[in-house]
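**Q** Have a look at this fold, sequence not included:
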């Protein structure tokens, strides 16, 4: 496991953009993948996106594909989630996740495939 520190959440109007960041603390990340999940009030936590660390390949949920971009940042030892054209339904607490073991993700969309989690950052989109 690693310690993940998120930043960048806030309040934004619909149609605007926001960028979330997640940094691995204390060690240089060399695991298999990092990703983002989110949880809206009354809902279960759901997958948003992941990036495979070794080659930067990415995968997105259908609800954010084309609007969100996940990317690696080796200098900051973490990832970013660029969120464009935000909608009210994107309002949620966003969690950074990491899979440290270097074994491939099965699908990458299940919480159980990740062993490290951040504390969450609130994103609120006003319509």
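**A** Great, that's in hand. In this text, all values refer to a predicted model and were calculated from it rather than measured experimentally.
**Q** make it CA atoms for all contacts and neighbour counts henceforth
**A** Fine.
**Q** Which residue or residues pair with the residue nearest the centre of the chain through a beta bridge?
**A** Centroid-nearest residue in the chain: residue 36, 2.1 Å away (criterion: C-alpha atoms, centre = their mean). When bridges are called by DSSP bridges, residue 36 pairs up with residue 49, residue 96.
**Q** Adjust the sequence numbering to begin at 57 for everything that follows.
**A** OK, 57 is where the count begins now, so the last one is residue 92.
**Q** so it makes contact with residue 148?
**A** No. Counting by C-alpha atoms under 8 Å, residue 92 sits too far from residue 148 to count as a contact (11.7 Å).
**Q** Can you check what pLDDT the model gives residue 101?
**A** Per-residue pLDDT puts residue 101 at 97.
**Q** Kindly report the same for residue 146.
**A** Confidence score, pLDDT, at residue 146: 98.
**Q** do the same with residue 142
**A** 98.
**Q** again, but for the one 10 residues further on
**A** At residue 152, the pLDDT value in this model is 98.
**Q** hey, where'd the strands end up in this protein?
**A** Secondary structure of the chain (DSSP state E): strands at 59-63, 66-69, 74-81, 89-95, 102-108, 114-116, 124-129, 134-139, 148-155, 172-173, 177-182.
**Q** Any idea which of those strands gets closest to residue 166?
**A** Nearest to residue 166 among those is strand 102-108 (7.0 Å), distances taken as C-alpha to C-alpha.
**Q** In terms of secondary structure, what does the closest one contact?
**A** Applying 3 or more C-alpha pairs under 8 Å, 6 or more residues apart in numbering; DSSP states H and E, one finds that strand 102-108 makes contact with strand 89-95, strand 114-116, strand 124-129.
**Q** hey, which of these is tucked in deepest?
**A** Most buried of these, by mean neighbour count (mean count of other C-alpha atoms under 10 Å): strand 89-95, with a mean of 25.
**Q** Next, work out how far apart residue 58 and residue 78 are.
**A** Per C-alpha to C-alpha, to the nearest Å, residue 58 is found 12 Å from residue 78.
**Q** Mind checking which of those two has more residues around it?
**A** When residue 58 and residue 78 are compared for neighbours, residue 78 comes out ahead with 27 against 19, by other C-alpha atoms under 10 Å.
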